[in-house]
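Asker: Need a 3D model of the following:
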Amino acid sequence: MAESMEAHHQLYGGAMAVILPANFLDSSKVRQVPDNQEIFMHPSTDQSIIIELMEYQQVDDPLAARYHFEDIAGDNDSSSVEIISEEVVPLSEVTMKQCASVWLLHGKQMVSKFNEEAKNTLIVYIALFRLPQYTTDILVTFNNPMQISPESSSSKLNNQQDSWTMAQFKQVICSLNLIDSSLLKS
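Answerer: Numbering: from 1, shown residues only. Here you go, the predicted model:
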């Protein structure tokens, strides 16, 4: 069966849309997902893409990206956190015209899965869409395992031949679109 390279997908009941890599699994089909998140998993690697509606942080844009990255590291109980790079994404490159700015942060975290002793090295990319008019930050996170411990339950999910690429993640970022802004109004 021939697979297309991308799949158009509606988010949050059609209030948003995005182009995802064609071989994604919707995490909500197998487990409970919070209402503010859409989580997509790769079927044969331990990669994931998370789209998350967050409270707008009243800090300068580059500090907001760092804030959210460190918050994720705390949620992951990361034993090591490193920010590798940060950059502005030109608004001309994104579909979501309502955002004031978009930031891309590239970092690394050492995390355990399911409270295991084994630590995995994750490369984490965060795209932060700032929407102050809706008091909302939209995070798009790409978790990309760089090194998986042989003792980790994720060790069997490491088919790097089929893994998602940074180009596919950039397509996710550039294609994310807010269709119905009432999603963001509380």
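
Asker: start to end distance for stretch 41-53?
Answerer: 18 Å (C-alpha to C-alpha, to the nearest Å).

Asker: now do stretch 23-41
Answerer: Span of stretch 23-41 from end to end, C-alpha to C-alpha: 9 Å.

Asker: mean confidence for that stretch?
Answerer: Here stretch 23-41 scores 90 as its mean pLDDT.

Asker: next one: stretch 97-115
Answerer: For stretch 97-115, mean pLDDT rounds to 86.

Asker: The top helix by length along the chain: which residues count as buried?
Answerer: Counting by DSSP state H, the longest helix found in the chain is helix 61-75. Buried residues in helix 61-75, counted by 16 or more other C-beta atoms under 10 Å: 61, 64-66, 68-69, 72-73. (C-beta placed from N, C-alpha, C; glycine too.)

Asker: from the residues you listed, which is closest to S85?
Answerer: The nearest member of the buried residues of helix 61-75 to S85, counting by C-beta to C-beta, is A65 at 10.7 Å.

Asker: per-residue pLDDT, that closest one?
Answerer: Looking at A65, the pLDDT reads 93.

Asker: Quick one: residues contacting it.
Answerer: 86, 103-105, 126, 128 (C-beta atoms under 8 Å, 6 or more residues apart in numbering).

Asker: For K108, give me its contacts.
Answerer: Contacts here follow C-beta under 8 Å, 6+ apart; on that basis K108 touches 80-82, 84, 121-124, 146.

Asker: Pull up the pairing partners for whichever strand or helix holds it, direction included.
Answerer: Using DSSP states H and E, K108 maps to strand 101-111. Strand pairing for strand 101-111, using DSSP bridges, gives strand 80-88 (antiparallel), strand 120-131 (antiparallel).

Asker: quick one, the shortest one and helix 61-75 angle?
Answerer: This points to strand 80-88. 150 degrees (axes from the mean of the first three to the mean of the last three C-alpha atoms, to 10 degrees).

Asker: Export the strands paired with strand 101-111 to CSV and append columns for distance to E55 and mean pLDDT.
Answerer: What follows is those, written out as CSV (distance: least, C-beta to C-beta, whole Å; pLDDT from 0 to 100):
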stretch, distance to E55, mean pLDDT
strand 80-88, 21, 91
strand 120-131, 11, 91
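
Asker: Dump those to JSON lines, plus mean neighbour count.
Answerer: Listed next are these as JSON lines, based on neighbours: other C-beta atoms under 10 Å:
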{"stretch": "strand 80-88", "mean neighbour count": "13"}
{"stretch": "strand 120-131", "mean neighbour count": "22"}
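
Asker: for these, which one sits closest to F24?
Answerer: strand 120-131 (16.0 Å).

Asker: Other residues contacting the helix or strand that that closest one is followed by?
Answerer: As assigned by DSSP H and E, the chain's next helix or strand after strand 120-131 is strand 136-147. Here strand 136-147 makes contact (C-beta under 8 Å, 6+ apart) with 45-57, 64, 68, 72, 96, 99, 108, 120-131, 154, 158, 163-164, 169, 172-173, 176, 184.

Asker: Kind regards, and thank you for your time.
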